[in-house]
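>>> sequence? don't have it. structure:
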């Protein structure tokens, strides 16, 4: 396998919804630091022009049956799987992630498309609900699309977090204006091109690359709903902006995710899964584990086994399978990880594994790192690192582990390992996190597309996946029809109506289901 060719970028750039002659920005191959291509830089006017096209197309799309929308997504799933290898190449080129992490992202798109193509018909159909008065009133709930859904997606999963959030919005009858991260624009463009090939109207989905301060702001100003994945700080700013416009907002934000390892857990299994939980996508994953709380009776054994396994992890700049961890995406990321590790070492933490950059492998590589002895005066203790760094904390009991795991403003993801699955599930129910994985790290909850996924606390607003993942992109409408009588009582003398109505309401408690 090799990096995408120049022809790939030339073909895809035509899909960007920006006027010709715009300023361009280089797109870098992360493994080598070389320029692969350039991308036009969008402006506010580009967003406004795209918005006009999408709004016109959305009105037509809203009249398309859900079954016909689903056919497009089923075809899209097949195209994603057919072009899996080239999509993986592109994801690796723009992000530097390992091939297995890139494949995980591509397969997620296919799974999400299939899920919403299958379930949206039932979720979005009009539903009969109990009316105010049995027989005399009929009430149903309809679901209408929001209109234009703006999506601002990040660089760490530039395919799935751009397109998988758009899929349910499209199924609900909306149009999309997407701003991909400036470091990974071609990942989004490649995925959207396949949507067009599957039959999606081209004007329904616009991609406008460019800076968040310009393109992102314009999307917030013009969309009818906003979906964002990124930092908590940016999410808070966007929440203020959407709040002023009174439009809906959903966001998956930062995390300082904890793993609990209770006495009786099978350490070899925990170690194997912890490598995935902490270092998938080089730790650049909102739901990755950054804190491990281990009962003291097994802490030394776990730390030794985990440290030894992490030191054996394979790192390489390759487009082949078999490597466990790839690169970080930028110099800023390398500096952020280095700062957290160096700060901890200066203040007394112990490096069990890793702890340094690896420019001998590639310009942006950093070793997977495990620390012990981390204290609350160290930056990595409470702040999200968002990289290949995890700290181990021995605890006296499960109760202490739960208390410390919950002692954070974040609440995105968690992992639990115990002697039995029932014990693990009981611990999970006590954790303040939107998703908790028992006997795994993050994949089962993320991959359960039928269940809601999102954060508590400052880790997010709203949910993706599950019924909420599509219904949030709709406006619910209640329609009630009155039959047989006039509720104003005009067919009865006013005094008789005034006496009869309370009697009728009291009698409702004897009606089954009321």
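Received the coordinates, thanks. Predicted model only: the values in this text are computed from it and were never measured.
>>> stretch 446-464: how far from the chain's middle?
Put simply, stretch 446-464 sits 8 Å off its chain's centre (Cα atoms, centre = their mean, to the nearest Å).
>>> pull up the distance across it, start to finish.
Chord length of stretch 446-464, first to last residue, is 10 Å (Cα to Cα, to the nearest Å).
>>> got it, and stretch 365-383?
21 Å.
>>> in that stretch, which residues are buried?
Residues of stretch 365-383 classed as buried by neighbour count (16 or more other Cβ atoms under 10 Å): 365-374, 378-381. C-betas here are computed from N, CA, C, even on glycine.
>>> stretch 240-252 too?
By neighbour count on 16+ other Cβ under 10 Å, the buried set for stretch 240-252 is 242, 247, 248, 249, 250, 251, 252.
>>> in helices only, show me those.
The members of the buried residues of stretch 240-252 that map onto helices under DSSP state H are residue 242.
>>> in CSV: the buried residues of stretch 240-252, plus pLDDT and distance to residue 446.
Shown next, in CSV, are these (pLDDT from 0 to 100; distance: Cβ to Cβ, whole Å):
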residue, pLDDT, distance to residue 446
242, 97, 25
247, 98, 27
248, 97, 23
249, 97, 21
250, 98, 16
251, 97, 16
252, 97, 11
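>>> need the max-distance pair from the buried residues of stretch 240-252.
Largest separation among those by Cβ to Cβ: 247 and 252, giving 17.9 Å.
>>> where exactly do the helices run in the stretch 151-300 of the chain?
With DSSP state H, counting those that start in this stretch as the criterion, the stretch 151-300 of the chain has helices at 166-171, 185-198, 217-222, 232-245, 267-279, 296-311.
>>> in the stretch 401-514 of the chain, where is pLDDT below threshold?
Low-confidence segments of the stretch 401-514 of the chain (pLDDT under 70): 485-492, 510, 513-514.
>>> one more: the chain?
In the chain (pLDDT under 70), the answer is 1-2, 5-8, 10-11, 13-14, 485-492, 510, 513-514.
>>> which helix of it spans the most residues?
helix 99-124.
>>> name the helices or strands packed onto that helix?
Packing partners of helix 99-124 (3 or more Cβ pairs under 8 Å, 6 or more residues apart in numbering; DSSP states H and E): helix 66-82, helix 84-95, helix 166-171, helix 443-447, helix 468-471.
>>> repeat the analysis, applying 7 Å as the threshold.
Counting contacts by 3 or more Cβ pairs under 7 Å, 6 or more residues apart in numbering; DSSP states H and E, helix 99-124 is packed against helix 66-82, helix 84-95, helix 166-171, helix 468-471.
>>> please identify the most buried of these.
Highest mean neighbour count among the helices and strands packed on helix 99-124 (mean count of other Cβ atoms under 10 Å): helix 166-171, with a mean of 27.
>>> in stretch 384-400, what counts as buried?
Buried residues in stretch 384-400 (16+ other Cβ under 10 Å): 384-395, 398, 400.
>>> restricted to helices, list the residues you listed.
Using DSSP H, the subset of the buried residues of stretch 384-400 located in helices is 398, 400.
>>> ok so, going back, with distance to residue 344 and secondary structure added, can I get the buried residues of stretch 365-383 in CSV?
Shown next, in CSV, are the buried residues of stretch 365-383 (distance: Cβ to Cβ, whole Å; DSSP: H, G, I helix; E, B strand; the rest coil):
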residue, distance to residue 344, secondary structure
365, 20, coil
366, 14, strand
367, 14, coil
368, 15, coil
369, 9, strand
370, 11, strand
371, 6, strand
372, 10, strand
373, 8, coil
374, 6, coil
378, 5, coil
379, 7, helix
380, 5, helix
381, 8, helix
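>>> as TSV, these with distance to residue 508 would be great.
Compiled in TSV, the buried residues of stretch 365-383 are given as follows (distance: Cβ to Cβ, whole Å):
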residue	distance to residue 508
365	69
366	66
367	68
368	63
369	64
370	63
371	63
372	64
373	65
374	60
378	62
379	60
380	59
381	57
